[in-house]
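In: Output the structure for:
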Amino acid sequence: MSLAPNSLAQTRRENLFAIACALVRFAVCCYRAAHQSIIIDEATTYNQFVSGPWNKLFGRYDANNHILSSFLIKLTVTIGGLSPFKLRFPSLLAGLFLTIGVFWLLKQVESPLLRWTAFALFCLHPMLMDFSIAARGYGISLAFFVWALYFTYERLPLVAGILLGFSIGANLAIVFPTLALLVAVFLLKEKTKPVLNLAIPAFLLGGLITGHSLWKASRTQFYIGYPELHTAVTSFVYTTLHANRHQGILGQRPMADHIGVFGLPLFGLLLAVTAAWTKDRRRLIPFLTLAITLIGLVLARWLFDLNYPADRTCLYFVILAAVAWAIAGDVLKNRFLIAIWMLPAVLLVIQFCTQLQTHYFQFWRSEADNNQIAALIQQESMGKPKNSLAVSATWLHQPALEFYRRYLRIEALKPVERLEPTPLTGFDFYVLSGADLDRARETGLRIIFVGEESETGLAEP
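Out: Residues are numbered from 1 along each chain as shown. Coordinates of the predicted model:
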């Protein structure tokens, strides 16, 4: 059935406004990508994988080598040259398509109020914004996954399966919701063909990208995460709500614990109840994918002793929960019930607004001044003979300093090596944070710079 002219015009206006919002978010991300410091995870990916020969991308498995992401970064810096912005360009572009994809997924929501509130939750979510910038595979994987969800809903399983394969290639953590999506489609369709059209290209393509590196991987290399479900849940809630120095209305740790222990189970129960009233079975795909993923993670912990995911490795929960929440709200017809349903989401939108900033990534605030420190070292090194100067650094800052040594072409500087414990004698510069900076003050090193945000210092003998 075709839309009425007024409905068609409204849809076009909404689409244009959503694209405009996506472009504004993209512009903010681009500004941050150009100005924020390179951090340990990005620098490690570049130093160990991207900067070498092409075949190094597909070598050993490593949590820092999100293979499809590393490949795209390699392609970008090979064509355009090395810079922090170009290193991050694949994630930036993925973040733009991710934002548009989330709105297209939300178009199945009938209520404009619910649709746009859920879209605002996504656009303002601090962690999702960080990983729409950082040169890692999380945002790229999510972009492919969201569009796979959309094409699954649109009954184009082969296209969705190809996108799922790219999603797996960008970040292996997406395997859990991918498997959950396959189970959800099977339960809803009660046929095997749509599932096979999804599964075969997904795992063939995902295996083609990651198979070589996974072949020699050992169980001990899959260590990221938490052994306890309670810890994983409360940590994820806290990092979702608290991204900078300002706590906002929900950012206190006790509040995060209460939301994780009581709020999320209640939310899941309400989603399950409203799902029973949903007439269009396809609209259950996000909710079922969310629920089956949770069950799968618990089973993986029980059967294979895998840790529960940690924060950035399960950001798909935010998108699935926001879409499922908006779809569930469509079932409600009473204004009072709709107002109650909206209240937590509105509070989250307000909280996210208080957490936005453009200076650093949430998990790496201590590296917010790496670029400024590297510029100071470059200035001090001008005119000095090649390989005549050396830097000692707290291990956290070593990869980024080595990246900046290459990027800024500080020829006077020797390669920056990781040394533990951090030496406080025998070097020309010391980049220190935490206990190392306190030791430097005690031993009489001259502190010439301390970052306001990072509390990381640059010292000289």
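In: can you give me the strands for this structure?
Out: Secondary structure of the chain by DSSP state E: the strands cover 391-393, 429-432, 446-450, 457-460.
In: Give the other helices and strands that the third one contacts.
Out: Think strand 446-450. helix 370-381, helix 435-443, strand 457-460 (3 or more Cβ pairs under 8 Å, 6 or more residues apart in numbering; DSSP states H and E). Using the backbone N, CA and C atoms, a C-beta is placed for each residue, glycine as well.
In: Reformat the strands of the chain into a markdown table and put mean pLDDT and mean neighbour count next to each item.
Out: As requested, those are arranged in a markdown table below (pLDDT from 0 to 100; neighbours: other Cβ atoms under 10 Å):
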| stretch | mean pLDDT | mean neighbour count |
| --- | --- | --- |
| strand 391-393 | 96 | 25 |
| strand 429-432 | 96 | 26 |
| strand 446-450 | 95 | 14 |
| strand 457-460 | 95 | 21 |
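In: With distance to Phe203 as added columns, please give these in CSV.
Out: What follows is these, written out as CSV (distance: least, Cβ to Cβ, whole Å):
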stretch, distance to Phe203
strand 391-393, 42
strand 429-432, 44
strand 446-450, 50
strand 457-460, 48
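In: Now the helices and strands packed on strand 446-450 in JSON lines, please, with extra columns for distance to Pro423.
Out: Output for the helices and strands packed on strand 446-450, formatted as JSON lines (distance: least, Cβ to Cβ, whole Å):
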{"stretch": "helix 370-381", "distance to Pro423": "16"}
{"stretch": "helix 435-443", "distance to Pro423": "10"}
{"stretch": "strand 457-460", "distance to Pro423": "12"}
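In: Where does pLDDT dip in the stretch 151-300 of the chain?
Out: Along the stretch 151-300 of the chain, the parts satisfying pLDDT under 70 run over 190-192, 218-223.
In: quick revisit: between the helices and strands packed on strand 446-450, which gets nearest to Ala412?
Out: helix 370-381 (4.0 Å; Cβ to Cβ).
In: Hey, what's the angle from the closest one to strand 446-450? Just curious.
Out: The directions of helix 370-381 and strand 446-450 differ by 140 degrees, with axes from the mean of the first three to the mean of the last three Cα atoms, to 10 degrees as the criterion.
In: what's in contact with helix 370-381?
Out: 36-39, 84, 389, 391, 397, 400-401, 404-405, 408, 410, 412-413, 429, 431, 448-449, 451, 454, 456, 458 (Cβ atoms under 8 Å, 6 or more residues apart in numbering).
In: do that again at 7 Å, thanks
Out: Contact with helix 370-381 is made by 37-38, 389, 391, 397, 400-401, 404, 408, 410, 412-413, 429, 431, 449, 451, 456, 458, as judged by Cβ atoms under 7 Å, 6 or more residues apart in numbering.
In: Just the buried residues of these.
Out: Using 16 or more other Cβ atoms under 10 Å as the burial test, these include 37-38, 389, 391, 397, 400-401, 404, 408, 410, 412-413, 429, 431, 451, 456, 458 as buried.
In: So what's the residue count around Trp116?
Out: By the criterion of other Cβ atoms under 10 Å, Trp116 has 19 neighbours.
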